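1. what shape does this take:
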Amino acid sequence: MIASERSGAAIGHDDTVRTVTDAERRARLAVRHALAPGFQVGSPEAVTEAVTVLHATEPPSPYLSCRARMLSPEIADLDRALYDDRTLMKQLAMRRTLFVFPRDLLPAAWPSVSARVAATERARMTRDVVRAGLTDDGDAWLDTARAQVLAALASAPEGLQAAQIREAVPHLAVKVTTPAGEMWSGPRVLTQLGASGEIVRGRNAGRWATSRPLWTLTGHWLGEAAPAMSPAEGYRHLVRRWLFSFGPGTEADLVWWLGSTKTVVRKALLDLGAVSVALEDGSPAWLLPDDLDEVPDPGPWTALLPVLDPTVMGWQTRDFYLGAHKERLFDNRGNAGTSAWVNGRTVGCWVQDESGRVEVRLVEDVPPAARTALDAEASRLTAWMDGVQIRTVYKSPAMK
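-> Got it, this is the predicted structure:
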C-alpha cells in the first residue's frame, strides 16, 4: 500500500485500484444489512451482527430495525436477547450515542469508543459542578457520587430505576446549569458509569416502545465478563466489523462513525491490512483484504426503516443512497428520521396517523410496482405494531 493512499490522499487514476460503483455499494448494503429478500435473517443477534450495532437512542428503533431484517419478527425476540439470554446489550458508545451491541463486542467498546465518551463526560461534569458552586473539587465530587451509586447497586442485584437511585444517593440531588444554558441533574452520573462499563441498563420496566431501565452492576448482569482489550485492539475490532458491514468506507466515514481521530482510524486500517479502493467519484475508500470480490445485485427490494436506523446512519457521506434528499429526510442536527427504501436508495419516509396506521410519504417518484410494495410493507408494519404509536423527537421535514 503506497503512503499517499494510507494517508487518505486522492488516489488519482491508478488503474490497479478497483473502483466500487455506487450501484455495487447499494448491492452490498442490501445483502450485508439483511434487507433484500433471500438475505433476511432469523434472530436479533444475526441482525445486530449484520449492521455491527443497532441504534438505541429511541427505545422503539432496535425493535423496528430488527423487524425490517428478520424473517418472522416478534417483539419477544429482542426482549429475549436483551433481558433473558443477554446476548445483546445496550451500551453508550460512539458519539455519546446509545447502541445495542453484541455481547462479544463489548470488550472492544469499553476501552475504546465508550472510554472516550466516559472521559468526556467526566471532564464536563467535574468542570460544571465547580462552575455551579457546588464544590471546589469536581473530581472528588464525582468520585463520591460514583462510589455511592455503585454501593447502592451492589445491594440491589435486580437493579434500580434512576429515581430509586436518586432516593438512595442524596449526593445526586443536584441540578447544574452550564454556561451554555443547558441543565443536567445528578442521575447524569449514571451516564458516566454506564459509558465506563461499570453499570449497565438491565431489564426495562416499561413497554417495548418506552425506556425505563433498571440499572445494575455489570458483574450482576453479565457475570464473569470477558476481559477488556487494549484501546488499539478495541478500535481494530470495531473497524473490522464496520468494514464488513459498511465497506467500502472512507477514512472520514470511520472517523465520524467512531467519534474518534484520524490517527486511531489509520492505525486500525494499517493493522487490518485494509485495501484501498476507489469510489465512483474517485474518493479513496477501504475494504477488508478478504472482502474484495464484487457483490452482485440481489434484485428488487423495499424497506421501511425507523428513526436513526444503522443503515441510514452508517456513513458520513451518504450521497450514494440518499441522493439529493438529505434536507428532507434528516433534521438540522444530522439525525435521520424514518426512511422508505427502494433498491438501495431512500425515496421517502413513513409516519403514523392518529389510529396508528402507517403511511408512506415519497420525496421522489418511484415505479408503480415499487409503490405497491411500499404500501404493502406499510400495511404489514401497521399490523405488527398493533396500535402502538411511535413517538419521536427526530422528525425530519418530510415527516412533518
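
2. gap between V360 and A373?
-> Distance, V360 to A373, using C-beta to C-beta, to the nearest Å: 10 Å. Quick note: C-beta positions are derived from backbone N, CA and C, even for glycine.

3. next one: R266
-> Taken as C-beta to C-beta, the span from R266 to A373 is 42 Å.

4. go on, T302?
-> In terms of C-beta to C-beta, T302 sits 4 Å off from A373.

5. what about the two, which has more around it?
-> T302 (24 against 17; other C-beta atoms under 10 Å).

6. what is the neighbour count of the closest residue to L362 other than its chain neighbours?
-> Nearest residue to L362, sequence neighbours excluded (C-beta to C-beta, 6 or more residues apart in numbering): G348, at 3.9 Å. By other C-beta under 10 Å, 23 other residues sit near G348.

7. repeat for T48
-> 27.

8. state the pLDDT value of it.
-> Looking at T48, its pLDDT stands at 98.

9. quick one: low-confidence ranges for the stretch 251-400 of the chain?
-> Applying pLDDT under 70 to the stretch 251-400 of the chain flags no residue at all.

10. show me where it has strands.
-> 275-279, 284-287, 302-305, 339-342, 345-352, 358-362 (DSSP state E, counting those that start in this stretch).

11. any chance of those in JSON lines, with distance to D331 too?
-> As requested, those are arranged in JSON lines below (distance: least, C-beta to C-beta, whole Å):
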{"stretch": "strand 275-279", "distance to D331": "26"}
{"stretch": "strand 284-287", "distance to D331": "27"}
{"stretch": "strand 302-305", "distance to D331": "16"}
{"stretch": "strand 339-342", "distance to D331": "13"}
{"stretch": "strand 345-352", "distance to D331": "12"}
{"stretch": "strand 358-362", "distance to D331": "15"}
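
12. show me the strands in the stretch 51-200 of the chain, by range?
-> Using DSSP E, counting those that start in this stretch, strands in the stretch 51-200 of the chain cover 54-55, 88-93, 97-102, 175-177, 183-185, 199-204.

13. redo those as JSON lines? Include mean pLDDT.
-> Formatted as JSON lines, the strands of the stretch 51-200 of the chain follow (pLDDT from 0 to 100):
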{"stretch": "strand 54-55", "mean pLDDT": "98"}
{"stretch": "strand 88-93", "mean pLDDT": "97"}
{"stretch": "strand 97-102", "mean pLDDT": "98"}
{"stretch": "strand 175-177", "mean pLDDT": "91"}
{"stretch": "strand 183-185", "mean pLDDT": "92"}
{"stretch": "strand 199-204", "mean pLDDT": "96"}
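
14. tell me the domain ranges of the protein?
-> The record's domain parsing of the chain by automatic domain parsing lists 113-222, 302-385.

15. any chance of TSV for the ones you listed, columns distance to T48?
-> TSV is the format used below for the domains of the chain (distance: least, C-beta to C-beta, whole Å):
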stretch	distance to T48
domain 113-222	16
domain 302-385	9
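
16. out of these, the one nearest A398 is which?
-> When the domains of the chain are compared by C-beta to C-beta, domain 302-385 sits nearest A398, at 4.5 Å.

17. off-centre distance for that closest one?
-> Distance of domain 302-385 from its chain centroid, counting by C-alpha atoms, centre = their mean, to the nearest Å, is 17 Å.
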